[in-house]
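Q: Generate coordinates for the sequence data below:
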Amino acid sequence: MALQGNLRDFSISEILQLLGTQRKSGCLVLERDAEKGVVYVTDGRIVSARDAGMPTHDPLIAFLRRIHRISDEQYRGLLTIHQESGRDLEDLLLNGRYFEQEVLAGFVERQILEALLRLSHWESGSYRFEPALTWKGARLVKLSIEGALIESARRIDERKRQRATFADPHQLLGVRDLPAADDSLSDEESELFGVIDGHHTVAEAVEAAPLTEYEAYEALHRMMEAGWVEFVGRREPGATVVAEAKPSGPQGRALVREIAAAVIALAVVFGLVLAGRALSRTAVVPAAAVDVFTATQVRDLRHILELYRRDHGDYPTQLSQLVEDDWITPHDLANPTGQLVYLHTRSMRDYQLTVDRAR
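A: Numbers count the residues shown, from 1 in each chain. Predicted coordinates for the structure are as follows:
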């Protein structure tokens, strides 16, 4: 008997539970108007939520670009190789050494959970199960359907609380306090923390975060509950950011550079104070103290880059230009956790600033 029908009769959760209980293998195809979703199962466990290959709207590559793990240039390179070889995206990422297998497996799991969260909201549409359509690619994950559905339900409930807290996406976020030395921040949360400067809205912070939308709101909600961030105002939709008056003449530029240097110096001092407090208790500086320093350093460098752009019209090609033009000192670019990585676009209208902890 074919397993197919309308989602008004059976929810996606009920269908997946049935596939898990009966230890089915195949592909659950879901369609709603122009939208489509797939869930591949093997022996009743979820192994993928994307079609094999590298289709135009591949959800995994979209996920990796959304969380800033694949650049536009890397995407074009992967697409070219796929068009020439026909190999699956996961195979290209592994054999091209873009990621270690364990790291890629973590990304695949996050993408599956993100897909299930999206599909769980479907109350209409059609479904059909194709037993002959089995997953042929690498099986990096084998998720329990029951566990995945429990996590999806948790996220739905949590998203309701997040919407209550961040009901207005146009509110401005500012730093209220920095995490204590024994508070842990992930690399992604540290980068998100660096975006919060009192000038970016909730929507802009979520968009800039190297996280999925749900994960970004989850991180902001945690920071809000911890008292690290707060609402500091609101920007009307469509309103432009009011630029500070640009100082004119050599004396004006020198003043701006002095202010920029002072901002960085304060970040360094504050980071050292946190580290000093930690050293009074243990011989090793806790990772959280270093994470706070990194977040503060990245945030303040972003501010200086904006000042530089206002003065020159474009962002610098390298961070060393900030040193050469006396905006900062070489010491201001030192980071205890790794190396600052600065990439600017060819148009010089945008940039990426991260910390490579592997170096």
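
Q: What is the helix or strand encompassing residue 191 packed up against?
A: If you go by DSSP states H and E, residue 191 is part of helix 187-195. Contacts defined by 3 or more Cβ pairs under 8 Å, 6 or more residues apart in numbering; DSSP states H and E place helix 187-195 against helix 202-208, helix 213-226, helix 287-312. (Glycine included, C-beta is placed from N, CA and C.)

Q: Among those, which comes closest to residue 328?
A: Evaluated over the helices and strands packed on helix 187-195, closeness to residue 328 peaks at helix 287-312, with 6.4 Å, by Cβ to Cβ.

Q: Just name the most buried of the helices and strands packed on helix 187-195.
A: Most buried of the helices and strands packed on helix 187-195, by mean neighbour count (mean count of other Cβ atoms under 10 Å): helix 287-312, with a mean of 20.

Q: Contacts only, for residue 316.
A: Taking Cβ atoms under 8 Å, 6 or more residues apart in numbering, we find residue 316 in contact with 305, 308, 322, 344.

Q: ok, it to residue 335 distance?
A: As judged by Cβ to Cβ, to the nearest Å, residue 316 and residue 335 stand 18 Å apart.

Q: try residue 77
A: 28 Å.

Q: Looking at these two, which has the bigger crowd around it?
A: A count of neighbours by other Cβ atoms under 10 Å puts residue 335 above the other of residue 77 and residue 335, at 18 against 15.

Q: hang on, the more buried one is in a helix, isn't it?
A: No - using DSSP: H, G, I helix; E, B strand; the rest coil, the secondary structure at residue 335 is coil, not a helix.

Q: What pLDDT is listed against it?
A: For residue 335, the pLDDT comes out at 80.

Q: for the residue lying closest to residue 318 once chain neighbours are set aside, phi and psi?
A: Of all residues not flanking residue 318 in the chain, residue 342 sits nearest, at 6.7 Å (Cβ to Cβ, 6 or more residues apart in numbering). Torsion angles at residue 342 (phi, psi; degrees, to the nearest 10) stand at phi -120, psi 120.

Q: For residue 342, give me its contacts.
A: Neighbour list for residue 342: 318-319, 351-353 [criterion: Cβ under 8 Å, 6+ apart].

Q: what does residue 135 give?
A: By Cβ under 8 Å, 6+ apart, the contact set of residue 135 is 27, 40, 42, 47-48, 52.

Q: which among the residues you listed gets closest to residue 331?
A: Distance to residue 331 across the contacts of residue 135 (Cβ to Cβ) is lowest for residue 48, with 47.7 Å.

Q: Would you check how far apart that closest one and residue 14 are?
A: Residue 48 sits 21 Å away from residue 14, going by Cβ to Cβ.

Q: of the two, who's got more company?
A: Higher neighbour count among residue 48 and residue 14: residue 48, with 28 against 11, using other Cβ under 10 Å.
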